[in-house]
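**Q** Sequence and predicted structure, then a few things I'm wondering about:
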Amino acid sequence: MENIIEIKGLHFAYDADDGEKKPVEVLRGIDLDIKKGEFVAVLGHNGCGKSTLAKHLNAILLPTEGTVTVDGIDTKDEDRLFELRQRAGMVFQNPDNQIVSSIVEEDVAFALENLGVPYEEMRRRVDESLKAVGMYDYRLHSPSQLSGGQKQRVAIAGIIAMQPKCIILDEPTAMLDPQGRKEVLATIHRMNREQGITIVLITHYMDEAADCDRVVVMDKGRIVLDNVPEKVFSQVEKLKAIGLDVPQVTELAWELRRAGCDISHEIISEEECVAAIERLFGG
Amino acid sequence: MAILETQELTYTYSVGTPFEKTAVDHVSLKIEEGEMIGVMGHTGSGKSTLIQHFNGLLRPTSGKVLLDGKDIWENKEKIRDVRFRVGLVFQYPEYQIFEETVYRDIAFGPKNMGLDEAEIKRRVYETAHDIGLSEELLERSPFELSGGQKRRVAIAGVMAMEPRVLILDEPTAGLDPAGRDKILDHIRHYHERTKNTILIVSHSMEDIASFADKILVMSRAKLFCYDETVKVFARADEISQIGLDVPQITKVFGELRRRGLDFGKEVFTVGYARDLLLRQLAEREVR
Amino acid sequence: MLRDITIGQYFPGDSIIHRLDPRFKIVMTILYIVMLFTGDNYICLGVGAVYTFGAILLSRIPLKMFLRSVKPLLPFLIITAAINLMFMNSGDVLWQWKFIKITDGGLNTSVFMVIRIVLLIMGSSLLTYTTSPITLTDAIERLLSPLRKIKFPVHELAMMMSIALRFIPTLIEETDKIMSAQKARGAEIDTGSFTTRAKNLISILVPLFISAFRRADELATAMECRCYHGGEGRTRLRQLRSAPRDYTALAVTVLFLAAVIVLGRLF
């Protein structure tokens, strides 16, 4: 499969404004390729550089060193900036601070208005996007009448309307309640499955990462683990050392294994855990 | 005697308008002194409205709130004293920070109580220590701190009033696992030292399972249940039905029971599950 | 509670007045104001009143809502009336006390002024009652768009207006939250002496400003991510289309204005 995102030797530093002018290094050499249609979770504790990495994917930030290429466009290419941002859409953490308009459908249309899309096509794409995230019935509502999860779905619709190849979500569920989290996750999984959109999900919730194709773990500006979820979560000690959790079922299996039980260390779902315990008890 | 009690507490928003809505509906409960209580309920269940009655920020439409057996609204002028005795930390409390130094922000509450300088200083240092803020941070601007540190400054600001009841609305929302564990640990230590009553609102059953003696569940403006943690988790199925998540590990043991592997116990923490399984396996081998 | 405040005073509906093109409504409101101020006799005012109440009737919004719109301006009305009463000295003296003289001319003028202002308020309320703030902003942007040629930042102003409208409910909610949080720390906001209250206001304003700046910063990034680059080459989802009814309404308004001008000359 073809790569949609290619990151080579990415370093990023900024000058601290405390007078000393010593640059603060946030990203220290990232190499990462993401394939078309992949669903990748980027995990890491606060301050590990994962949000900074995300901002490099659509040229909100530019590398101090190294290159970032998205769908063949170098993010440093200023002439193709809008093309790039159209192909790699971004959803942020705070649902309130990314909705521009006081009417849902106009917010979804915002990017299309900026891109000068003609009315007929804009109307069609706005309606399709709203239907895709299940918010069509709310198209004339004011965002302030919506729940957090609904607002995030509107934000996603606003991105989908650009018909992007890739969506980067920077902790989209951190401020939501469990219901809202479920809605948003179901929506992005559906976008990935049905429309083949590549998803980069930045999060610190382990259970969200367990459902992905691939998990990339970051610490101190570097990638420390990069594999399928089963393999990543089996490294319980390493994850705990960098301040991350593992799903409860993975932790239980790991604890039992440490106590000498014959149980797989690659358990990440409830079903697998139930089956493994049954096996232990000769079921 | 219960430290905090509600009798048929009811609160209705926007009475007489088309938006009229009963957020808390005839809730009666008693909170004993020194307990650590987890409060659950999904958004709109009335839990936030309920806790704002405990320190008199909201006045009941009908019913009563009793603190130490006395109706808090008996004397309206004294309601500010209730707020010093029942401390409330809101969700994302770091957004209420406004002073130039960490010290002064933590001192805001005690100062409003009219305490003298020496007492204020003692309290600021003590709570900063409780919540894990080092002394050299006290003279820094709170706005230079990390998100997790800011949150702890805000919590300290309420703790420094030394309330007998401390209520925290989702104190770990938006934090990463390390930040979350740190805050919960500090709250636990504070509880051990002061033996004060603590209520923590949380969406995470895993978190609640790790600290709560009792759990209070709100659903659709009504008190769904208020009981010991073990007894509440015994009703895991009903709790899932009202749209709340039970810990993953509880779900696993529920499924095992359905499949005929019953361990006869309610399981809600990983450590407990491990010990239980290892014990059972050992017994089998002996047999 | 702060949340109960409604801004813009828009009453959703689908009456003929609601459905008129907002650009026409703004133009008609301007003509209406001209109409009220050109006519300087009671006959002209009567014509203006017929127009006002006719439009109110068509909007299907209860008359008492319009009377309510006059209420906040009552002190201003009383002062205007009093000034006219005391300082317009023409015609017969009706009553006199020391240097204050009330004449029938003064009485006449003050009654006339009060009626004119009341009509003015009621008529212009009709615009905001039947047009949502966001539509109104949009219509103003389009009416002013010729000014872009002289480098007047029409789009930027309209964008600022609409973002402000979008964030009013959010900031009201936030103020509410911060107020409760500070009250929980014993801040006296609605009780206590004036100085303590003023001091405690800082504990609300500082967090509110910080939060507003943070929001602005995040919103700006989000807008950039969605390819915002000013008004140039923008298309719009909201289409304003004028229908025959808009021209009819405009024609009726012009007729009323003409009538007022003619009647003003005749009497």
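**A** Cool, got the structure. Numbers count the residues shown, from 1 in each chain, chains lettered A, B, ... in the order given.
**Q** For the closest residue to residue C:22 other than its chain neighbours, list the residues it contacts.
**A** Spatial nearest neighbour of residue C:22, excluding adjacent residues (C-beta to C-beta, 6 or more residues apart in numbering or on different chains): residue C:139 at 3.6 Å. The C-beta positions use only the backbone N, C-alpha and C, and glycine is treated the same way. Going by C-beta atoms under 8 Å, 6 or more residues apart in numbering or on different chains, residue C:139 touches C:21-23, C:25-26, C:131, C:240.
**Q** Just the buried ones from those, in ChimeraX syntax?
**A** Applied in ChimeraX, the following selects the buried portion of the contacts of residue C:139 according to 16 or more other C-beta atoms under 10 Å in any protein chain shown:
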select /C:21,22,23,25,26,131
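**Q** In terms of distance to chain A, which of the contacts of residue C:139 ranks first?
**A** Of all the contacts of residue C:139, chain A sits closest to residue C:240, with 11.7 Å by C-beta to the nearest C-beta.
**Q** And what about the closest one, helix, strand or coil?
**A** Put simply, residue C:240 is coil when judged by DSSP: H, G, I helix; E, B strand; the rest coil.
**Q** Look through chain B and state the residue closest to chain C.
**A** Counting by C-beta to the nearest C-beta, chain B gets nearest chain C through residue B:112, at 3.3 Å.
**Q** isn't that residue right up against residue C:182?
**A** No - between residue B:112 and residue C:182 there is no contact under C-beta atoms under 8 Å: 9.2 Å.
**Q** More neighbours: these two, which one.
**A** The neighbour count for residue B:112 versus residue C:182, taken as other C-beta atoms under 10 Å in any protein chain shown, is higher for residue C:182 (25 against 22).
**Q** For the more buried one, pull up the helix or strand it's in.
**A** Applying DSSP states H and E as the criterion places residue C:182 in helix C:154-184.
**Q** so how far is that helix from its chain's centroid?
**A** Put simply, helix C:154-184 sits 19 Å off its chain's centre (C-alpha atoms, centre = their mean, to the nearest Å).
**Q** Moving C-terminal from that helix, which element do we reach first?
**A** Next helix or strand after helix C:154-184 toward the C-terminus (DSSP H and E): helix C:194-225.
**Q** Which strands or helices does that next one pack on?
**A** Secondary-structure packing of helix C:194-225 (3 or more C-beta pairs under 8 Å, 6 or more residues apart in numbering or on different chains; DSSP states H and E): strand A:88-91, helix C:154-184.
**Q** now the helix holding residue C:182: mean pLDDT?
**A** What helix C:154-184 shows for mean pLDDT is 91.
**Q** Ok, stretch A:266-283 next?
**A** 89.
**Q** Stretch A:109-123 too?
**A** pLDDT averaged over stretch A:109-123 gives 95.
**Q** can you give me the strands in the stretch 151-283 of chain A?
**A** Secondary structure of the stretch 151-283 of chain A by DSSP state E, counting those that start in this stretch: the strands cover A:166-170, A:198-203, A:214-219, A:222-227.
**Q** which strands and helices sit next to the shortest one?
**A** Using 3+ C-beta pairs under 8 Å, 6+ apart as the contact criterion, the secondary-structure elements in contact with strand A:166-170 are helix A:50-56, strand A:88-91, helix A:148-160, helix A:178-195, strand A:198-203.
**Q** run the last query once more with 7 Å
**A** helix A:50-56, strand A:88-91, strand A:198-203 (3 or more C-beta pairs under 7 Å, 6 or more residues apart in numbering or on different chains; DSSP states H and E).
**Q** follow-up on the earlier one: can you tell me which of the contacts of residue C:139 are in helices?
**A** Using DSSP state H, the subset of these located in helices is C:22-23, C:25-26.
**Q** For residue C:222, state which of these is nearest.
**A** Of all the ones in helices among the contacts of residue C:139, residue C:22 has the smallest distance to residue C:222: 27.6 Å, by C-beta to C-beta.
**Q** check contacts around that closest one.
**A** Neighbouring residues of residue C:22 by C-beta atoms under 7 Å, 6 or more residues apart in numbering or on different chains: C:131, C:135-136, C:139, C:240.
**Q** could you dump those to TSV with pLDDT?
**A** Output for these, formatted as TSV (pLDDT from 0 to 100):
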residue	pLDDT
C:131	90
C:135	88
C:136	88
C:139	92
C:240	86
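**Q** So which residues on chain A come close to chain B?
**A** Contact residues, chain A versus chain B (C-beta under 7 Å from any C-beta of the partner chain): A:45-46, A:147, A:174-175, A:177-179, A:204, A:243-245, A:247-249, A:251-252, A:255-256, A:259, A:261, A:270, A:273-274, A:277-278, A:280-281, A:283.
**Q** Only whichever of these are buried, select them in ChimeraX.
**A** Under the burial definition 16+ other C-beta under 10 Å, those of those that qualify are selected in ChimeraX by:
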select /A:45,46,147,174,175,177,178,179,204,243,244,245,247,248,249,251,252,255,256,261,270,273,274,277,280
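**Q** Tell me which other helices or strands whatever helix or strand residue C:125 lives in touches.
**A** Residue C:125 is located in helix C:104-130, with elements delineated by DSSP H and E. Contacts defined by 3+ C-beta pairs under 7 Å, 6+ apart place helix C:104-130 against helix C:16-19, helix C:22-38, helix C:42-59, helix C:63-70, helix C:74-87.
**Q** what residue ranges in the stretch 101-250 of chain A score low on pLDDT?
**A** By pLDDT under 70, the stretch 101-250 of chain A contains no weakly predicted segment.
**Q** List the residues that contact the residue of it found nearest chain B.
**A** Taking C-beta to the nearest C-beta, chain B has its nearest neighbour within the stretch 101-250 of chain A at residue A:243, 3.3 Å off. Contact analysis of residue A:243 by C-beta under 7 Å, 6+ apart lists A:45, B:176-178.
**Q** hmm, back to that, tell me which of the helices and strands packed on strand A:166-170 sits most buried.
**A** Most buried of those, by mean neighbour count (mean count of other C-beta atoms under 10 Å in any protein chain shown): strand A:88-91, with a mean of 26.
**Q** quick one, what contacts residue 156?
**A** I'll assume chain A. Counting by C-beta under 7 Å, 6+ apart, residue A:156 touches A:91, A:133, A:187-188.
**Q** looking at chain B here, not the other one
**A** Contacts for residue B:156 (C-beta under 7 Å, 6+ apart) come out as B:106, B:127-128, B:131, B:133.
**Q** at 6 Å instead, please
**A** B:106, B:127-128, B:131 (C-beta atoms under 6 Å, 6 or more residues apart in numbering or on different chains).
**Q** swap in residue C:154?
**A** Taking C-beta under 6 Å, 6+ apart, we find residue C:154 in contact with C:141, C:144-145, C:147-148.
**Q** I'd guessed residue C:17 sits against residue C:58; true?
**A** Yes - here residue C:17 lies in contact with residue C:58, judged by C-beta atoms under 6 Å, at a distance of 5.3 Å.
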